[in-house]
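In: next comes the sequence, and after it the predicted model I'd like to discuss.
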Amino acid sequence: SDMSVDGPDRAGWYTYSVAGLRATTEMIVKDGVGYLRRKGESWTRESFPSGMPGDFLQSFTGADVAMLTNVGVERRDGRALHHLRLPSVDWQALRGLIGGADATDVREVELHIWVTADGIPVTARYTIDASYLEQGVEVDLQAQIEYRFSEYGEPHPVHAPEHFRDGDDAPGVSS
């Protein structure tokens, strides 16, 4: 995936695979409203966007940050960076890490973040191996997500698409 983030707003794309089928979806979240589209299709608006890449970082609170431990300084890509990690995860306290789903079995959750001496994030790695219930069906979730931060602290205005369809296929226009 590739995302531009400006506060709670973000725009970009992500590729995912389910049951061997691979797809790429463009997404925008503007003012708490999500817009999605696959290549060649029109935008669809979601009033309550969920499960989109980047969500767990959005829900990461100051209390969660306080739980990070400093592993030490490491050289990564020729830079001296501070390696921070979440030592052990209470998944109920950190529901954003699994998207707020009803987890039935969390086998592993890891979060590692590498930051400059000033605390500016450079890269992060998030890994999860869990099962959760979705509409009464148990689903296995295994993911490893790598984040690379660039242009951190610079504005990246996000704009909602001009034309879209609502989830019920009704056409809409951004105001």
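Out: Arrived safely. Since we're looking at a predicted model, the values are computed, not measured.

In: helix or strand: which one has Ser131?
Out: If you go by DSSP states H and E, Ser131 is part of strand 121-134.

In: distance of Leu86 relative to Glu110?
Out: Using Cβ to Cβ, to the nearest Å, we find Leu86 at a distance of 7 Å from Glu110. Quick note: C-beta positions are derived from backbone N, CA and C, even for glycine.

In: should've said Val122
Out: Distance from Val122 to Glu110, by Cβ to Cβ: 18 Å.

In: quick check: chain neighbours aside, which residue is closest to His83?
Out: Using Cβ to Cβ, 6 or more residues apart in numbering and skipping residues adjacent in sequence, the residue nearest His83 is Val71, 4.0 Å away.

In: low-confidence stretches in this structure?
Out: Along the chain, the parts satisfying pLDDT under 70 run over 48-64, 88-104, 168-175.

In: next helix or strand past the strand holding Ser131?
Out: strand 137-148.

In: that next one to strand 121-134, inter-axis angle?
Out: Strand 137-148 runs at 170 degrees relative to strand 121-134, counting by axes from the mean of the first three to the mean of the last three Cα atoms, to 10 degrees.

In: give me the sheet partners of strand 137-148 and which way each runs.
Out: Counting by DSSP bridges, the strands paired with strand 137-148 are strand 121-134 (antiparallel).

In: mind listing the strands for this structure?
Out: 2-6, 9-18, 21-30, 33-38, 44-46, 69-76, 79-85, 102-115, 121-134, 137-148, 163-166, 171-173 (DSSP state E).

In: to Pro155, which of those lies closest?
Out: strand 2-6 (6.1 Å; Cβ to Cβ).

In: next one: the closest one to chain centre, how far?
Out: 10 Å (Cα atoms, centre = their mean, to the nearest Å).

In: partners of that strand, with directions?
Out: strand 9-18 (antiparallel).

In: and the strand it pairs with with strand 21-30, angle?
Out: Using the same axes, to 10 degrees: strand 9-18 against strand 21-30 is 170 degrees.

In: buried set for strand 9-18?
Out: By 16 or more other Cβ atoms under 10 Å, the buried positions in strand 9-18 come out as 9-12, 14.

In: put the alpha carbons of that strand into CSV.
Out: The C-alpha coordinates for strand 9-18 follow below in CSV (Å, rounded to 0.1, in the frame of the first residue of the first chain):
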residue,chain,number,x,y,z
ASP,A,9,-7.6,11.9,6.7
ARG,A,10,-5.8,9.7,4.3
ALA,A,11,-5.7,8.7,0.7
GLY,A,12,-3.9,6.0,-1.2
TRP,A,13,-4.2,2.4,-2.4
TYR,A,14,-3.6,-1.1,-1.0
THR,A,15,-3.3,-4.6,-2.5
TYR,A,16,-4.7,-7.6,-0.7
SER,A,17,-5.2,-11.3,-1.2
VAL,A,18,-8.2,-13.4,-0.1
